[in-house]
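Q: Take a look and give me a structure for this.
(chains A and B)
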2 protein chains.
Amino acid sequence: MTKLFHPTILVVNDDGITAPGIKAMMHVMKEIGRVVVVAPDSPQSGMGHAITIGKPLRLDEVDLYEGIEMYRCSGTPVDCVKLAVTKIFKGKKPDLCVSGINHGLNNSINVLYSGTMSAAVEGAIESIPSIGYSLDDYNMDANFQHCLKYVKEIALQVLQNGMPTGTLLNVNFPNTANIKGIKICRQANAKWAEEFDQRVDPYKRPYYWLTGVFQNNDNGEDTDVWALDHHYASVVPVQFDMTAHHAIPVLHSWKFNV
Amino acid sequence: MTKLFHPTILVVNDDGITAPGIKAMMHVMKEIGRVVVVAPDSPQSGMGHAITIGKPLRLDEVDLYEGIEMYRCSGTPVDCVKLAVTKIFKGKKPDLCVSGINHGLNNSINVLYSGTMSAAVEGAIESIPSIGYSLDDYNMDANFQHCLKYVKEIALQVLQNGMPTGTLLNVNFPNTANIKGIKICRQANAKWAEEFDQRVDPYKRPYYWLTGVFQNNDNGEDTDVWALDHHYASVVPVQFDMTAHHAIPVLHSWKFNV
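A: Predicted coordinates for the structure are as follows:
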């Protein structure tokens, strides 16, 4: 691949600016181009596409790693992208937006709950080629080493080819030193079966912790769940047009009595 | 339409349990069946599909309106649906989940940012026929009267017909006493052009308020933006499979050097 230019790359995440995953990401991206990091000042996992309404945001430049322009933001991952585009890049958009590397998978239905993926979605809404990356390891001492060559190659491909209009990539890595390769996939039909751990506080009032079990209801061998189970990196093209186009004719057949 | 049964209806929102919009909704739904309200204890607009991880949740029964079973929840709109399904319905799912009526539109790209719509999406993930409703009036004294017959009729149609697997409805109402009827639509290709109002706090440090201008980039007459501009109620079928299926062949044509 010919590198035709020195691209500007916006790096975001949801685990917060001090997470090892974003450190791994920014060092890989520095091999490709100019890196600007805008990340939450605290963990924002599970924030989905939340934005901050009704309270003000802070954005402060920080000096954590030499030679990398970095800002910490008091808002959500999506706020970080909006602030970056408006206040840092000021309309001159970056060539690429990468989010992560997330500590924990964002495959299948997790694309909806994930702050990592929502930041990448927001990048795509801003017409920036965007990728979210996640590794199947929730630990803060997760080892990102084995996935870095894939992170870099997928970013280079997106820079070279561009993304089809209105799409971005959701990339997930299995937690293994022997990743077998890349599989292009669709989002598996899966969900979380919630369980709430009910406890009683010192004042005798109940409270609940959200927990759950991931349930895959999809036997397809073209899904991200299948690819990860078989030690492949999964690459799902994602869109933010949520219209169920196939359901439009069904609704036209309904007779509304109003 | 024959009402074959007395359905159980879960009512949620993102403006909080005391909002006039949810009051209007619960009274309409009470004409159809048994109503159970589970709503945030404070406004949660713009929370998207956020869930609460890392801190506990509260769920308390409250007695605000005679004859209606109501719970306030300390979490997000999506948390409300998860807690309702798990802790209140305990696996015996409601026949319908309705969210709103939101104070303010959730058409087009707003489906991603909206807590109202994300609660309805979560209902659909739980295989409950689900509808999000919104009115083009952000004021707390918004007049919901003109849209109530549509709210009821659309709910009855969903109860009668069911929803295609993996879909739900996003219903928006124009702010007019003369709604012309219902249009089945697709999500318009539109976005927010962000503007951050930058101020300085009493300690001389900058802070930012998120504001923005809604930009419609879609001339189609089959969109929700068009319908609302022309005084129709817009009904968009929404799905939570975010796979950009049309982009899969494109990605297969890329040559990954890894």
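
Q: Now do the same contact list for the nearest residue to A:Trp192 once chain neighbours are set aside.
A: Leaving out its chain neighbours, the residue that sits closest to A:Trp192 by CB to CB, 6 or more residues apart in numbering or on different chains is A:Gly212, at 4.1 Å. No exception for glycine: its C-beta is placed from N, CA and C like everyone else's. Each residue near A:Gly212 by CB atoms under 8 Å, 6 or more residues apart in numbering or on different chains is listed here: A:192-195.

Q: Identify each of the helices in chain A and give its residue range.
A: A:20-30, A:77-83, A:110-113, A:115-125, A:148-161, A:224-229, A:248-252 (DSSP state H).

Q: can you tell me how far A:Val258 sits from B:Ala227?
A: 15 Å (CB to CB, to the nearest Å).

Q: With A:Ile88 instead?
A: A:Ile88 is 37 Å from B:Ala227, by CB to CB.

Q: pLDDT weak spots in chain A?
A: Within chain A, the stretches falling below the threshold (pLDDT under 70) are A:1-4.

Q: what about the strands in it?
A: Counting by DSSP state E, chain A has strands at residues A:8-12, A:34-40, A:59-62, A:69-73, A:96-103, A:130-135, A:167-173, A:182-184, A:190-200, A:206-216, A:233-239.

Q: Now do the last one against helix A:115-125, angle only.
A: Read that as strand A:233-239. Put simply, strand A:233-239 runs at 50 degrees to helix A:115-125, going by axes from the mean of the first three to the mean of the last three CA atoms, to 10 degrees.

Q: Which strands or helices does strand A:233-239 pack on?
A: On a contact count with 3 or more CB pairs under 8 Å, 6 or more residues apart in numbering or on different chains; DSSP states H and E, strand A:233-239 meets helix A:115-125, strand A:167-173, strand A:182-184, helix A:224-229, helix B:248-252.

Q: Out of those, which gets nearest to B:Glu61?
A: Across the helices and strands packed on strand A:233-239, B:Glu61 has its closest neighbour in helix A:115-125 (31.4 Å, CB to CB).

Q: returning to that earlier point: looking at the helices and strands packed on strand A:233-239, which is buried most?
A: Highest mean neighbour count of the helices and strands packed on strand A:233-239: helix A:115-125, a mean of 30 (counted as mean count of other CB atoms under 10 Å in any protein chain shown).

Q: Is that one in proximity to chain B?
A: Yes - using CB under 8 Å from any CB of the partner chain, helix A:115-125 reaches chain B at A:118, A:121, A:125.

Q: tell me which of those is nearest to chain B?
A: Comparing these against chain B with CB to the nearest CB places A:Ile125 closest, at 5.3 Å.

Q: how about stretch A:128-148: buried residues?
A: Within stretch A:128-148, the residues scored as buried using 16 or more other CB atoms under 10 Å in any protein chain shown are A:128-137, A:142, A:144, A:146-148.

Q: chain center to it: distance?
A: Offset of stretch A:128-148 from its chain centre (CA atoms, centre = their mean, to the nearest Å): 10 Å.

Q: tell me how far the ends of it are from each other?
A: Start and end residues of stretch A:128-148 are separated by 22 Å (CA to CA, to the nearest Å).

Q: Check stretch A:12-30 too.
A: End-to-end distance of stretch A:12-30 (CA to CA): 14 Å.

Q: chain center to that stretch: distance?
A: Worked out by CA atoms, centre = their mean, stretch A:12-30 lies 12 Å from the chain centre.

Q: nearest to B:Asn178, of the helices of chain A?
A: Smallest distance to B:Asn178 across these (CB to CB): 23.0 Å, for helix A:248-252.

Q: Which elements pack onto the closest one?
A: The contact analysis (3+ CB pairs under 8 Å, 6+ apart) places helix A:248-252 against strand B:182-184, strand B:233-239.

Q: tell me the contacts of the closest residue to A:Thr18 other than its chain neighbours?
A: Of all residues not flanking A:Thr18 in the chain, A:Leu64 sits nearest, at 7.5 Å (CB to CB, 6+ apart). With contact taken as CB under 8 Å, 6+ apart, A:Leu64 is in contact with A:17-18, A:70.

Q: circling back to that earlier point, who's the residue nearest to A:Trp192 bridged to?
A: Using DSSP bridges, the beta-bridge partners of A:Gly212 come out as A:Glu194.

Q: Need the strands of chain A in a markdown table (columns: distance to B:Tyr232).
A: Supplementary listing: the strands of chain A in a markdown table, determined by distance: least, CB to CB, whole Å:
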| stretch | distance to B:Tyr232 |
| --- | --- |
| strand A:8-12 | 38 |
| strand A:34-40 | 40 |
| strand A:59-62 | 40 |
| strand A:69-73 | 39 |
| strand A:96-103 | 36 |
| strand A:130-135 | 34 |
| strand A:167-173 | 30 |
| strand A:182-184 | 39 |
| strand A:190-200 | 33 |
| strand A:206-216 | 39 |
| strand A:233-239 | 25 |
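
Q: so which of those gets nearest B:Leu59?
A: strand A:206-216 (6.4 Å).

Q: Now find how far off-centre stretch A:190-206 is within its chain.
A: Relative to its chain's centre, stretch A:190-206 lies at 27 Å (CA atoms, centre = their mean).

Q: Check stretch A:18-38 too.
A: With CA atoms, centre = their mean, you get 14 Å for stretch A:18-38.

Q: Okay, buried residues for it please.
A: Under the neighbour-count criterion of 16+ other CB under 10 Å, stretch A:18-38 has A:18-26, A:28-29, A:32-33, A:35-38 buried.

Q: cool, and stretch A:182-199?
A: Applying 16+ other CB under 10 Å to stretch A:182-199 flags A:182-192, A:194, A:196 as buried.

Q: Tell me the span between the first and last residue of it.
A: From its first residue to its last, stretch A:182-199 covers 43 Å (CA to CA).

Q: now it, how far from the centre of its chain.
A: In terms of CA atoms, centre = their mean, the centre of stretch A:182-199 is set 15 Å apart from its chain centre.

Q: do you know which of the helices and strands packed on helix A:248-252 lies nearest A:His6?
A: Using CB to CB, the nearest of the helices and strands packed on helix A:248-252 to A:His6 is strand B:233-239, at 39.3 Å.

Q: Which residues does the closest one contact?
A: Strand B:233-239 is touched from outside by A:242-244, A:247-248, A:250-251, B:107, B:111, B:117, B:120-121, B:124, B:147, B:150, B:154, B:163-164, B:166-174, B:179, B:181-187, B:224, B:227-228, with contacts defined as CB under 8 Å, 6+ apart.

Q: now stretch A:174-181
A: Residues outside stretch A:174-181 that contact it (CB under 8 Å, 6+ apart): A:135-137, A:142, A:146-147, A:150, A:173, A:228-233, B:256, B:258.

Q: Apply 10 Å and report the result again.
A: With CB atoms under 10 Å, 6 or more residues apart in numbering or on different chains as the test, stretch A:174-181 has contacts from A:104-105, A:135-139, A:142-143, A:145-147, A:149-150, A:173, A:227-234, B:256, B:258.

Q: which parts of it are buried?
A: Buried residues in stretch A:174-181, defined by neighbour count with 16+ other CB under 10 Å: A:174-175, A:179.

Q: And for stretch A:228-238?
A: The neighbour-count check on stretch A:228-238 (16+ other CB under 10 Å) flags A:228, A:231-238 as buried.

Q: Going by distance to chain B, which of the residues you listed wins?
A: Out of the buried residues of stretch A:228-238, the member with the shortest distance to chain B (by CB to the nearest CB) is A:Pro237, at 3.6 Å.

Q: Spatially nearest residue to that closest one (excluding sequence neighbours)?
A: Counting by CB to CB, 6+ apart, the residue nearest A:Pro237 is B:Ala247, at 3.6 Å.

Q: Do I have it right that the one you found meets A:Gly162?
A: No - B:Ala247 is beyond contact range of A:Gly162, at 11.4 Å (criterion: CB atoms under 10 Å).
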